[in-house]
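# from the sequence below, what's the structure:
(one chain, ligands or ions: 1)
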Amino acid sequence: LLIFKATKRAPKKPPLLNDLRDVASRVDADDEEASFPLSPSLVLKRLKSPEGTAGCVLAARLSEEPNLRVLLLESGESSVDLKLSNIPAAFHKLFKTKHDYDLSTVPQPNAGGSSRYWPRARLLGGCTAINAMILHHATPSDFDEWPKFLGKTKDNSIWSYQGLKKYLLKLETFIPHKDHPDVDVSERGSSGPMKTGYFGHNSYITRQFIRACQTAGIPALPDANTSKGTLGVTKTSFVKLFTFSTNQANFPISQLLLERPNLRVCTSAIVTKVIFDKSGDQPRAVGVGFTTSRDGPRFEARARKEVILCAGAIHTPHILMLSGIGPAAQLAFHDVAPLVDLPGVGEHLMDHPTVDVNLLDKSGHSLGWMRKATGVNFQAISALFQWTWMGNGPLTTNLAEGMAFIRADDPKVFPDPQELPLAEDSTSGPGCPDIELFVTPMGYNLFGEQITEPAFGVHAVGLRPTSLGTVRLRSNDPFDSPVIDPRYLSTQHDVQVLIKGVKALIRITQAEPLVSKVVDRAGDDDPTLDHHLFKATRAEIEEFVRERVNTLYHPTSTARMARREDGGVVDEELKVYGVRGLRVVDASIFPTIPAGHTAAPTLAVAEKMADLVKAEHTKA
Ligand SMILES: Cc1cc2nc3c(=O)[nH]c(=O)nc-3n(C[C@H](O)[C@H](O)[C@H](O)COP(=O)(O)OP(=O)(O)OC[C@H]3O[C@@H](n4cnc5c(N)ncnc54)[C@H](O)[C@@H]3O)c2cc1C
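Residues are numbered from 1 along each chain as shown. Below you'll find the predicted structure:
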């Protein structure tokens with residue numbers, strides 16, 4: 001007797017385009033004429049499906065309009081079938097693989113002298129395909145201050161929190177959860193493409209951290225994503241990309257998108273420059289040049305209406321500079337023919353500096369076993385089964401399970417009268433935090449050093465840093481990564497904020513119930529852990545901060561929306577100054593870094609711009 005499992009025939013997947021001649025002219029070979037059936041009216045940089053970052057949302061929304069034709073070019077591969085991209089706990093397994101640009105900063109003189117590794121996804125979907133899925137809207141006043149960078153007020157600008165909130169909500173379908181009954185669902189979206197909520201693992205360690213924060217004076221916050229702001233401690237809400245398996249849930253969405261006759265998505269298409277028509281009074285972007293590899297065939301795709309760069313805060317300024325838009329002296333130094341002298345391109349690089357503190361766990365709930373590199377990992381095998389068959393368990397941890405947003409000037413959190421006040425308030429308003437604290441039910445060291453297990457981590461983040469860095473050309477070869485210098489801790493303000501953050505962590509880990517139920521003082525003399533902080537002087541904490549500071553993976557603001565005379569690169573409609581037909585839509589346009597995680601603001605900006613671009617090109 002043979003028993004066959006009855007399976008429905010899988011619907012036929014519409015293909016991503018890998019033959020680039022389908023959408024572009026090959027320009028380095030006389031014998032190949034482009035077939036070019038699409039004649040795209042818009043050229044975008046990338047898109048996956050509505051779950052991706054800026055380019056993905058833009059392409060998905062723009063192609064809703066049948067009169068617009070959209071071409072999306074992505075240098076990486078599709079992430080839809082990439083298992084590691086879909087297991088929440090596994091996002092870091094894609095670091096330093098072919099799906100990562102594997103970037104590093106230059107050595108950081110104010111931060112121990114070493115360079116820092118910066119993962120950036122080379123995948124359809126961008127960094128959302130390798131990120132920790134945290135959904136955070138940042139603080140309303142962060143968006144209300146954007147008009148000021150354009151010399152406007154929120155009443156006469158298209159940018160303000162109220163204006164953007166609609167798009168933050170448009171993105172999501174919030175799924176209520178019985179353990180979080182206090183979330184005000186009227187403040188959350190109900191029909192967007194991303195499922196958001198509290199699906200993930202909620203470890204014992206996280207729950208004790210949240211309670212200890214409250215003991216230490218941080219109020220409980222039902223939801224960090226509302227117009228009431230983010231001050232307080234809360235369970236992290238995150239983006240659920242799948243219910244049971246990614247392919248089943250995502251596939252119909254991707255399929256629908258790819259079946260649209262007016263959308264073409266090309267993978268392994270590396271954009272090397274924007275092409276301009278220079279015959280008019282101002283250069284006009286008319287397409288892009290791209291290829292498949294350093295020695296690959298060269299293609300050009302033409303755009304009838306406009307080109308939109310969505311390559312992220314590192315690669316967007318890189319492509320602009322390779323195309324002749326940037327600081328004139330730098331372009332001249334690298335023999336790039338200048339088109340527009342725009343000194344702000346690649347300047348004003350911001351990131352959230354973060355300090356990781358690892359402590360020994362005695363609760364028995366550390367997920368440190370996930371990091372075991374040798375031998376058979378029975379816990380990991382069992383967790384993989386649980387995730388595959390039931391969609392739950394430890395692999396649904398996004399690591400940063402609980403988070404607190406505090407202000408450095410809050411006397412409840414910093415009651416010590418000896419504690420120095422900060423000389424400068426860099427926040428966007430009184431309801432805006434300048435420090436984030438978060439907990440992970442496992443420890444880790446981003447410098448690759450081993451730590452003793454079982455461990456857990458607590459982390460302090462400077463949310464409104466004042467150190468400004470740069471992204472610069474290394475050469476005029478598009479395959480040479482740009483030179484990244486975040487200038488970590490180059491201001492005293494940023495050092496002070498992180499010292500305060502670490503001090504807050506010390507108080508919280510010595511507060512109940514964390515102190516008695518989780519922190520194992522047997523780790524006090526372990527050199528691989530950070531228990532020495534319990535007895536450290538201020539100077540020792542400063543030294544620790546400078547050595548340990550690292551990225552929260554949030555680079556922004558390298559093609560800022562700001563007045564041109566203030567170093568702005570794009571105007572209020574995200575159009576690049578000095579040229580026509582070219583916009584930037586990604587995290588590089590943020591005038592300054594929001595006090596929160598950067599994916600949701602990036603997605604909301606893309607949603608808003610999709611409406612604006614549609615309106616502009618479909619006007620009678
Ligand atoms: C490891 C990690 C964890 C993170 N965790 C979170 C989190 O939990 N929550 C959160 O809110 N934020 C998180 N972030 C940050 C967030 O994901 C980013 O801020 C956001 O995704 C940025 O979107 P973007 O559109 O600006 O750029 P990206 O998402 O980087 O997209 C840029 C795209 O352009 C493509 N590209 C670049 N150059 C070229 C070229 N020359 N030709 C063709 N294509 C090109 C890239 O391959 C990529 O697909 C995390 C980031 C990382 C790296």
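
# check contacts around the residue of the stretch 251-400 of the chain found nearest the ligand.
Nearest residue of the stretch 251-400 of the chain to the ligand, counting by CB to the nearest ligand atom: Gly312, 3.0 Å away. Every C-beta, even on glycine, is put in place using the N, C-alpha and C of the backbone. With contact set as CB atoms under 8 Å, 6 or more residues apart in numbering, Gly312 has these partners: 53, 120, 126-127, 555, 586-588.

# neighbour count added to the residues you listed, as JSON lines?
Listed next are the contacts of Gly312 as JSON lines, based on neighbours: other CB atoms under 10 Å:
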{"residue": "Thr53", "neighbour count": "27"}
{"residue": "Arg120", "neighbour count": "22"}
{"residue": "Gly126", "neighbour count": "31"}
{"residue": "Cys127", "neighbour count": "25"}
{"residue": "Pro555", "neighbour count": "28"}
{"residue": "Asp586", "neighbour count": "29"}
{"residue": "Ala587", "neighbour count": "29"}
{"residue": "Ser588", "neighbour count": "32"}
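
# ok so, going back, tell me the pLDDT of the residue of the stretch 251-400 of the chain closest to the ligand.
The model reports Gly312 with a pLDDT of 96.

# with Phe242 instead?
pLDDT for Phe242: 36.

# do Arg9 as well
What the model reports as pLDDT for Arg9 is 45.

# cool, Pro50 as well?
For Pro50, the model assigns a pLDDT of 34.

# relative to Leu258, how far out is the nearest residue to Phe91 once chain neighbours are set aside?
The spatially closest residue to Phe91, leaving aside those adjacent along the chain, is Ile130, at 5.0 Å (CB to CB, 6 or more residues apart in numbering). Ile130 sits 22 Å away from Leu258, going by CB to CB, to the nearest Å.

# who has more neighbours, these two?
Comparing Ile130 with Leu258 by other CB atoms under 10 Å, the one with more neighbours is Ile130, at 26 against 18.

# sort out which residues of stretch 89-96 are buried, please.
Residues 89-91, 94 are the ones in stretch 89-96 that count as buried (16 or more other CB atoms under 10 Å).

# got it, and stretch 401-411?
401-408, 410.

# narrow those to those in helices?
Secondary structure of the buried residues of stretch 401-411 is defined by DSSP state H; no position falls in helices.

# farthest pair in those residues?
Glu401 and Ala408 (23.8 Å; CB to CB).

# show me what contacts the residue of the stretch 401-550 of the chain found nearest the ligand?
Checking the stretch 401-550 of the chain residue by residue against the ligand with CB to the nearest ligand atom singles out Pro478 as nearest, at 6.8 Å. Pro478 makes contact with 270, 272-273, 318-319, 322, according to CB under 8 Å, 6+ apart.

# could you report the neighbour count for Ser227?
When counting by other CB under 10 Å, one arrives at 12 neighbours for Ser227.

# just give the number of residues close to the closest residue to it other than its chain neighbours.
If the residues on either side of it in the chain are set aside, Ser227 comes closest to Pro140, at 5.6 Å by CB to CB, 6+ apart. The local packing of Pro140 (other CB under 10 Å) involves 21 other residues.

# please apply the same query to Ile175.
By the measure other CB under 10 Å, the count of residues near Ile175 is 15.

# cool, and Gly217?
17.

# where does the closest residue to the ligand within the chain fall, phi/psi-wise?
Closest approach of the chain to the ligand (CB to the nearest ligand atom) occurs at Gly126, with a separation of 2.3 Å. When quoted as degrees, to the nearest 10, the phi and psi of Gly126 stand at phi 60, psi -150.

# nearest residue to it other than its sequence neighbours?
Ranked by CB to CB, 6+ apart and with sequence neighbours excluded, the top spatial neighbour of Gly126 is Thr53, at 3.9 Å.

# can you check Asn225 too?
Using CB to CB, 6+ apart and skipping the chain neighbours, the partner closest in space to Asn225 is His137 (4.3 Å).

# and the one you found, how close does it get to Ala311?
His137 sits at a distance of 24 Å from Ala311 (criterion: CB to CB).

# His99 now?
Distance check for His99 against Ala311: by CB to CB, it reads 16 Å.

# before we move on, the earlier item: just the contacts of Pro478: which are in strands?
When strands are assigned by DSSP state E, the members of the contacts of Pro478 inside them are 270, 272-273.

# quick one: name the residues of the stretch 251-400 of the chain near the ligand.
270-271, 310-313, 315, 319 (CB under 6 Å from any ligand atom).

# hang on, I meant the stretch 501-620 of the chain
Taking CB under 6 Å from any ligand atom as the criterion, the stretch 501-620 of the chain approaches the ligand at residues 553-554, 586-587, 597-600, 602.

# among the residues you listed, which two are most distant?
Looking across these, with CB to CB as the criterion, the two at the greatest separation are Asp586 and His597, at 15.1 Å.

# how many neighbours does the residue lying closest to Ser104 once chain neighbours are set aside have?
Using CB to CB, 6+ apart and skipping residues adjacent in sequence, the residue nearest Ser104 is Ser115, 4.8 Å away. Ser115 has 15 neighbours, counted by other CB under 10 Å.

# now do the contacts for Ser115.
Listed by CB under 8 Å, 6+ apart, the contact partners of Ser115 are 104-108.

# will you turn those into a markdown table that also has neighbour count and pLDDT?
Listed next are the contacts of Ser115 as a markdown table, based on neighbours: other CB atoms under 10 Å; pLDDT from 0 to 100:
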| residue | neighbour count | pLDDT |
| --- | --- | --- |
| Ser104 | 13 | 98 |
| Thr105 | 23 | 98 |
| Val106 | 15 | 98 |
| Pro107 | 12 | 98 |
| Gln108 | 23 | 98 |
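
# can you redo those residues as a markdown table with distance to the ligand?
What follows is those, written out as a markdown table (distance: CB to the nearest ligand atom, whole Å):
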| residue | distance to the ligand |
| --- | --- |
| Ser104 | 14 |
| Thr105 | 14 |
| Val106 | 19 |
| Pro107 | 21 |
| Gln108 | 18 |
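
# re earlier: among the residues of the stretch 251-400 of the chain next to the ligand, who's most crowded?
For those, neighbours were counted using other CB under 10 Å, and Cys310 has the most, 31 neighbours in all.
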